[in-house]
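Chemist: need a structure here:
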Amino acid sequence: MSLSSTNTVAKKMLDFMESASWIRKMFEEGAVLKAKFGADKVFDFSLGNPDLPPPVSFQKILETVVADQSPGVHSYMPNAGLLDVRSRIAAQVSIDQQVYLGAEEIIMTCGAAGGLNIIFKSLLNPNEEIIVPTPYFVEYGFYADNHNGKLVPVKSNPDFSLDIEAIENGLNNKTKAILLNSPNNPSGIIYSKQELEVVAKLLARASDYFGHPIFLISDEPYRRLVFTGSFVPPILKFYPNTILTTSFSKDLSIPGERIGYVAVHPEISHKTPLLGALTLANRILGFVNAPALMQRIIGKVFDAKVDIEVYQRRRDLLAKILKEAGYTFTMPQGAFYFFPRTPIPDDIKFVRILQKERILTVPGSGFGAPGHFRIAFCVDDEVIERSRKGFIRAMEMAKK
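Modeler: Below is the predicted model of the structure:
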């Protein structure tokens, strides 16, 4: 006698599985198409999985670190991470952010996802809210729910710049933080210095009005994947109640290694208990500490990165194809995504039209922005070039 899944699996998880990531769904459907038609006949732009090899320096340091047989090299460590690694990262963050940080303000994490989870665990009381501009990475909602919080999406301007009025209207006594992701997944937009200054002033006023700090959380895994002419402003410089998290997944092409960190502004409200909470959260969420091997490697190569020119070349090639085919889009300034408008209102229907051309993309509905679709261009140039006719035919089919 078999039991119903509703009796064995939590209802919330069943609901999440039903509504969860379109990204994975399209990736899995792509595997079916590849098996049927051959991998070279399918143009898979569904998953933001960096395809460039890690820098040569990473491989060399990896081999050296793996060979280390010193006593205790694989032992437990402080939950916040190795002190020497945190010190080196703090020194670089101080330069990048134009604010001095010490090792105590750095906590090593299992990627930026681990970073966001320890931040939310440390900040959120039940039903407190995190405001996020659309479009946004779909997992944010799950992360907030993990810690009894609520994600509150607010609209952005048509070019994906911040709609300050929408953010202000979303603020209330339950607001704990605003979450920004720049360069943005899925739009590739970078929030400007002017926008961040306005947000900082808004949060300062709102914190005074509501009588408690409203934090600014910055998710920056694409910070170092920026194209010529663009610049990511130092967000810690603008607002003291800022917490930054990032990973090395994209700029070193090591997403499977799950290594990143959280950086806390040295003047943040209630800094000592907050740092204690973040460190404890790293432990009690089951991370315990970030991977020891990766920490030791990162401590020696965190200033290295993949060849950005390859991604820029692919961006420019895909932009030309999309423009010729008649798509409307905002040129990405960083990351490796396009987020064009769909030629018909139903973005899911249009993604299915593309799928008939064996082009795999992700509907904008999965990012809180219906009427768009995401294209991840971390694929070989040849895949982009060979998709040209399919993008043209899909546009023609949508207009019939």
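
Chemist: From here on, just use CA atoms for contacts and neighbour counts.
Modeler: Fine.

Chemist: Please spell out which residues along the helix or strand harbouring Met294 are buried.
Modeler: Following DSSP states H and E, one finds Met294 within helix 292-301. Using 16 or more other C-alpha atoms under 10 Å as the test for burial, helix 292-301 gives Ala292, Met294, Gln295, Arg296, Ile297, Ile298, Gly299, Lys300, Val301.

Chemist: so the last one touches Phe58, yeah?
Modeler: In other words, Val301. Yes. Val301 lies in contact with Phe58 (C-alpha atoms under 8 Å); the separation is 6.3 Å.

Chemist: returning to that earlier point: quick one: residues in contact with the helix holding Met294.
Modeler: With contacts defined as C-alpha atoms under 8 Å, 6 or more residues apart in numbering, helix 292-301 is touched by 57-58, 61-62, 65-66, 74, 81-82, 84-86, 88-89, 108, 257, 259.

Chemist: Check stretch 334-346 too.
Modeler: So stretch 334-346 is contacted by 48, 183-190, 222-223, 225-227, 230, 311, 315, 327-332, 350, 364, 370-378, 395, 398-399 (C-alpha under 8 Å, 6+ apart).

Chemist: same check, this time on stretch 368-384
Modeler: So stretch 368-384 is contacted by 43-52, 134-136, 138, 153, 186-187, 311, 314-315, 317-318, 336-342, 344-347, 351, 361-365 (C-alpha under 8 Å, 6+ apart).

Chemist: Tell me the buried residues in that stretch?
Modeler: 368-379, 381, 383-384.

Chemist: Report the distance from that stretch to the chain centre.
Modeler: 15 Å (C-alpha atoms, centre = their mean, to the nearest Å).

Chemist: so how far is Ala166 from Lys271?
Modeler: 29 Å (C-alpha to C-alpha, to the nearest Å).

Chemist: Using just helix, strand and coil, how would you label Ala281?
Modeler: helix (DSSP: H, G, I helix; E, B strand; the rest coil).

Chemist: contacting residues for the nearest residue in space to it that is not next to it in sequence?
Modeler: Leaving aside its chain neighbours, Ala281 sits nearest to Ile118 (5.2 Å; criterion: C-alpha to C-alpha, 6 or more residues apart in numbering). Shown in contact with Ile118 (C-alpha under 8 Å, 6+ apart): Leu278, Ala281, Asn282, Leu285.

Chemist: residues of stretch 304-311 that come out buried?
Modeler: Ala304, Lys305, Val306, Ile308, Tyr311.

Chemist: and those residues as CSV, adding pLDDT?
Modeler: Output for these, formatted as CSV (pLDDT from 0 to 100):
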residue, pLDDT
Ala304, 93
Lys305, 94
Val306, 96
Ile308, 96
Tyr311, 98
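
Chemist: Thank you, goodbye.
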